[in-house]
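Undergrad: sequence and predicted model, in that order:
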Amino acid sequence: MATHRSLSVGLSSGVPGGILHGTWQADNAVTSSDRRLKKSIVPLYRAIAEAAPGGAASTMPSPDAAAGEGSAVRTTASERASTVGWVLRELRPVSFNFKDGPEAKYSRYGFVAQELQQVLPGVVRGQGEEHLKVAYQDLIALLTLAAQVLQEKVSTLEETVMQLRGETAAIRTDYHKLDENYHKLDEKLNILLSGQRASPLQQAPLVPEVPPSAPPVQPVPPARNSTQVPQEPQARPQEPQQQERQLRGAQEAREDSLQRRQGGGPLRDGSLPAPGLRHLQELEAKLRQNMLR
């Protein structure tokens, strides 16, 4: 039949404490934490900064340095973050075995009291040649403070990420608008370039050169009877001056056509050229008249 033993050790104000040796098992451990039993209550980060040893405290950022700018809330958050960061960097968790006793066969996790005393002297008990003890339950408050600081950093990073996402979405929207405008400008440029390539093809056609030639000679039909029919007089050969006038007229017609294509100005006689095919027909008719004179 199992026998259960209970032990109650009072550690409240005015009640002396004691030392228990050996291994003790308990279903629950309760510690007095009433506010009426406490005094000098200060934030943990401030107590750590004030109680840190001189050599270690010199490496910790001072609260005054963080209070240079910003509000009081901002300064408090900076002090907490700097203090917790320093403590976490200085602590050295270890694994160990006791030299003797019933727990010697088990590996334990914790801290070395002498090392912990250089960082958090408030959680170390004992002095002189006696064995040092550690109030491990006091480290729960330190872990809570570290978790709070980390949560504040996570919240700040989440806000930054949300802000960056909004800015990224705005940049993406502006990019799509610029891309649409670029395609519209590209289409307009292609239309302008195609119009410039088609404009040279719309020029007036060249006037074909008509070489000067003598009018054809009409053949004389043979007489059917003895009665002679008066023959038409044959065309006289053209004189050199007449041929020269015809050549000059053809040359002037070519020059007028070339002037019309290049500048569109009036012809030599001061009249404006007729557009398109009608103008060519009029020039051809004038040439034929000059040649038949």
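TA: Looks like it came in fine. Everything quoted here is computed from the prediction, not taken from an experiment.

Undergrad: run a quick neighbour tally on residue 244.
TA: Residues lying near residue 244 (other CB atoms under 10 Å) number 12. (Each C-beta comes from the backbone N, C-alpha and C, glycine too.)

Undergrad: can you confirm it is in a strand?
TA: No: with DSSP: H, G, I helix; E, B strand; the rest coil as the criterion, residue 244 is located in helix rather than a strand.

Undergrad: stretch 112-121: which residues count as buried?
TA: Of the residues in stretch 112-121, 116, 117, 119, 120 count as buried by neighbour count, 16 or more other CB atoms under 10 Å.

Undergrad: typed the wrong thing, it's stretch 76-86
TA: Neighbour count says stretch 76-86 has 76, 77, 78, 79, 80, 81, 82, 83, 84, 86 buried, by 16+ other CB under 10 Å.

Undergrad: cool, and stretch 123-133?
TA: Buried residues in stretch 123-133 (16+ other CB under 10 Å): 123, 124.

Undergrad: want to throw the buried residues of stretch 112-121 into JSON lines with secondary structure and pLDDT?
TA: Shown next, in JSON lines, are the buried residues of stretch 112-121 (DSSP: H, G, I helix; E, B strand; the rest coil; pLDDT from 0 to 100):
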{"residue": "116", "secondary structure": "helix", "pLDDT": "92"}
{"residue": "117", "secondary structure": "helix", "pLDDT": "91"}
{"residue": "119", "secondary structure": "helix", "pLDDT": "92"}
{"residue": "120", "secondary structure": "coil", "pLDDT": "91"}
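
Undergrad: looking at those, which one is closest to residue 103?
TA: Closest approach to residue 103 among the buried residues of stretch 112-121 (CB to CB): residue 116, at 19.1 Å.

Undergrad: who are the contact partners of that closest one?
TA: Shown in contact with residue 116 (CB atoms under 8 Å, 6 or more residues apart in numbering): 91, 123, 124, 134.

Undergrad: quick revisit: in helices only, show me the buried residues of stretch 76-86.
TA: In helices, judged by DSSP state H, the following of those are found: 76, 77, 78, 79, 80, 81, 82, 83, 84, 86.

Undergrad: now render those as TSV, adding distance to residue 244 and pLDDT.
TA: What follows is those, written out as TSV (distance: CB to CB, whole Å; pLDDT from 0 to 100):
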residue	distance to residue 244	pLDDT
76	114	81
77	110	82
78	109	85
79	115	86
80	115	86
81	110	88
82	112	88
83	117	89
84	115	89
86	116	91
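
Undergrad: ok, back up a step: now for the contacts of residue 116: which two are most distant?
TA: Farthest pair in the contacts of residue 116, by CB to CB: 91 and 124, 12.8 Å.

Undergrad: how about the CA coordinates for the helix or strand encompassing residue 88, as CSV?
TA: According to DSSP states H and E, residue 88 maps onto helix 72-90. The C-alpha coordinates for helix 72-90 follow below in CSV (Å, rounded to 0.1, in the frame of the first residue of the first chain):
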residue,chain,number,x,y,z
ALA,A,72,8.5,57.7,-23.8
VAL,A,73,6.9,54.5,-25.2
ARG,A,74,9.5,54.3,-27.9
THR,A,75,12.3,54.8,-25.3
THR,A,76,10.9,52.1,-23.1
ALA,A,77,10.6,49.6,-25.9
SER,A,78,14.2,50.4,-26.9
GLU,A,79,15.5,49.9,-23.3
ARG,A,80,13.6,46.6,-23.0
ALA,A,81,15.0,45.3,-26.3
SER,A,82,18.6,46.3,-25.5
THR,A,83,18.5,44.8,-22.0
VAL,A,84,16.9,41.5,-23.1
GLY,A,85,19.3,41.3,-26.0
TRP,A,86,22.3,41.8,-23.7
VAL,A,87,21.1,39.1,-21.2
LEU,A,88,20.4,36.5,-23.9
ARG,A,89,23.8,37.1,-25.4
GLU,A,90,25.6,36.7,-22.0
